[in-house]
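Asks: Predicted model, plus sequence, below.
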Amino acid sequence: QYVNHVMEGGNRLLALINDILDLSRVESGKIRSHSESFNFKRFMDQIESTLSVFAEKKGLAFEVKVDSGIPEYLTGDEKHIGQVLRNLVSNAVKFTEQGTVHVSVGNAGGNLRAFKVRDTGIGIPEEKQHRLFDEFFQADSSYTKEYEGTGLGLAISKNLVELMGGEIGFESEQGKGSTFYFTLELPAGDTKAAAPVEKAPSFEPEPSEQPVLKILLAEDDRLSRKAVTHALEKAGHTVTGAENGNEVLSILESDRFDIILMDVQMPEMDGVEATKTIRNSTSRRWNPDIPIIALTAYAMAGDREQFIDSGMTDYISKPVNFAELKQKINHLNRDGLSEKDLPQPKEEDHHHPSMEEDIADIRTFLESNADDPEFAGEILKSFPGHVSERMARLEAAVENKDVEETAAAAHKFIALFSAVYIHSACKTGRDLQTGARNGDPQLCRKLFQDLKTRMNKIVQYIESIR
């Protein structure tokens, strides 16, 4: 019971942090309104299908009505309209114990569209109504324990509506319910100019692509190996796993593969040594010309040269970007690579990733695996335990100022990020690994605290959506 209370408190804190991030980005001008043609009918169908679940969970009726005179395609900021509607519907469901939540969209003259969210909930006391769009304001303190919230949803919605050039307001009667409405200029859209349906990055094969490949995946981290294998198999490829360089050599003695994906840092025999052994083979035990793509968490100057000098054909950084990996595999299989095709060192990225980006990465992971919720659930279920184990190892190494062990432990975190596509937090892990390899225990301690804070928040978020 106490653990549940702690988790609930953590989840509410996380929700507050996310809302504050949203509000601060709007108020600082970092969010821009982007208007383009979109399929409004499909948009409202998605709103209905996703939000009706929350109403039905409370036994409420959920209704959506769109005026027949509204064009199928409109021009506007689809993303932010959706965010405002989700905020308003979420509030309506939260403050309604029985009855109905009704969403409607109608014409209000010219290109002006009127959105309304009506509920049969508790309503808002008249003396509190003038402050309803204030930040951190909740209508009545007597309700705060029963109806948890951050008091930022309406403030964010007001900012977003005004950002899109519209107006927002409400009508409410205590004990009878509320109606929130906003109006926006949304001209008819161009069917041809409408943006295609956005899809999460995937590894699905396309009919025009090369035949499926037989791939040897060398990766010592079990969770990362499982995630990469899953993505490759979804594309139709056949994958055999190995945990270290010795296993790679052993498997190659009895089987043939089209390509090897080789982790650089592995126990017993690392990827660099295994690659050199394969390339220098004068016997028929291994194919010295097999394409080898390095999977690496290394980011220091000179690393690329070391991988290429060892005989690796190409390399890709962790966490693995599956679209990039797909491109490299297809390129290798079709044409092979010459030196000019090899990836060049990237300029140092001074961008400091945010918690918001971490959450966006996890959402991408979920969207990419929407067709296999069992796999996604299994990965997320095991994630907190892996974090706990790896954090203990990393903390001990940092406290003991053992830079070699710190680098190895940081590498294990980067492998963990690959499993759930967390590209943003990976920069902290890479910086920590680089600091350790440079022999800077003071920097390692600072970066460790940063990583620990980020991982705690990531785990809280994962626990809240499981």
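Replies: All right, it came through fine. Residues are numbered from 1 along each chain as shown.

Asks: need the strands for the chain, in chain order.
Replies: With DSSP state E, the ranges of strands along the chain come out as 36-39, 61-66, 73-76, 100-107, 112-119, 167-173, 177-185, 214-218, 238-242, 259-263, 292-296, 314-317.

Asks: Return the last one as PDB; C-alpha atoms alone will do.
Replies: Taking Å, rounded to 0.1, in the frame of the first residue of the first chain, the C-alpha atoms of strand 314-317 are listed here in PDB:
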ATOM      1  CA  ASP A 314      30.400   0.500 -41.600                       C
ATOM      2  CA  TYR A 315      29.100   1.500 -38.200                       C
ATOM      3  CA  ILE A 316      26.000   2.800 -36.400                       C
ATOM      4  CA  SER A 317      25.700   4.400 -33.000                       C
END
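
Asks: before we move on, the earlier item: most packed of the strands of the chain?
Replies: Highest mean neighbour count of those: strand 259-263, a mean of 27 (counted as mean count of other CB atoms under 10 Å). Yep, even glycine has a C-beta here, placed from its N, CA and C like the rest.

Asks: helices and strands around that one, which ones?
Replies: The contact analysis (3 or more CB pairs under 8 Å, 6 or more residues apart in numbering; DSSP states H and E) places strand 259-263 against strand 214-218, helix 271-279, strand 292-296, helix 322-335.

Asks: Not counting it itself, show me its contacts.
Replies: The contact list for strand 259-263 (CB atoms under 8 Å, 6 or more residues apart in numbering) reads 213, 215-221, 228, 248, 271, 274-275, 278, 290-296, 312, 325, 329, 332-333, 415.

Asks: just so I know, which of the strands of the chain lies nearest residue 381?
Replies: Residue 381 lies closest, by CB to CB, to one member of those: strand 238-242, at 20.8 Å.

Asks: who touches that closest one?
Replies: Taking CB under 8 Å, 6+ apart as the rule, strand 238-242 contacts 212-219, 225, 229, 232-233, 248, 251, 255, 257.

Asks: Relative to residue 459, which of those is nearest.
Replies: residue 225 (21.4 Å).

Asks: so the closest one sits right up against residue 231, yeah?
Replies: No: contact criterion CB atoms under 8 Å: residue 225 and residue 231 do not qualify, at 11.1 Å.

Asks: Centre of the chain to stretch 66-86, how far?
Replies: 25 Å (CA atoms, centre = their mean, to the nearest Å).

Asks: quick one: contacts for the nearest residue to residue 324 once chain neighbours are set aside?
Replies: In this structure, residue 324 finds its nearest non-sequential neighbour in residue 316, 6.0 Å apart by CB to CB, 6 or more residues apart in numbering. Counting by CB under 8 Å, 6+ apart, residue 316 touches 293-296, 324-325, 328, 343.

Asks: Output the residues you listed in JSON lines, with distance to residue 399 and pLDDT appended to each entry.
Replies: Listed next are those as JSON lines, based on distance: CB to CB, whole Å; pLDDT from 0 to 100:
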{"residue": "293", "distance to residue 399": "36", "pLDDT": "89"}
{"residue": "294", "distance to residue 399": "31", "pLDDT": "87"}
{"residue": "295", "distance to residue 399": "29", "pLDDT": "83"}
{"residue": "296", "distance to residue 399": "27", "pLDDT": "77"}
{"residue": "324", "distance to residue 399": "36", "pLDDT": "75"}
{"residue": "325", "distance to residue 399": "36", "pLDDT": "78"}
{"residue": "328", "distance to residue 399": "39", "pLDDT": "77"}
{"residue": "343", "distance to residue 399": "36", "pLDDT": "39"}
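
Asks: Next one: the residue most central in space within the chain from residue 378, what distance?
Replies: In the chain, the residue lying closest to the centroid (CA atoms, centre = their mean) is residue 361, at 1.6 Å. Per CB to CB, to the nearest Å, residue 361 is found 18 Å from residue 378.

Asks: Could you tell me which ranges of this protein sit under the pLDDT cut-off?
Replies: 1-31, 131, 134-153, 192-211, 297-304, 319, 331-356, 371, 424, 465-466 (pLDDT under 70).

Asks: all helices of it, in order?
Replies: 2-27, 40-57, 78-94, 153-163, 222-234, 245-254, 271-279, 303-309, 322-335, 355-368, 373-399, 403-419, 423-437, 441-465 (DSSP state H).

Asks: about what we covered before: wait, which of the contacts of residue 316 is closest to residue 438?
Replies: Nearest to residue 438 among these, counting by CB to CB, is residue 296 at 17.3 Å.

Asks: circling back to that earlier point, export the helices and strands packed on strand 259-263 to CSV and append columns for distance to residue 449.
Replies: Formatted as CSV, the helices and strands packed on strand 259-263 follow (distance: least, CB to CB, whole Å):
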stretch, distance to residue 449
strand 214-218, 33
helix 271-279, 30
strand 292-296, 25
helix 322-335, 31
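
Asks: for those, which one sits closest to residue 124?
Replies: It's helix 322-335; of these, that one is closest to residue 124 (CB to CB) at 47.0 Å.
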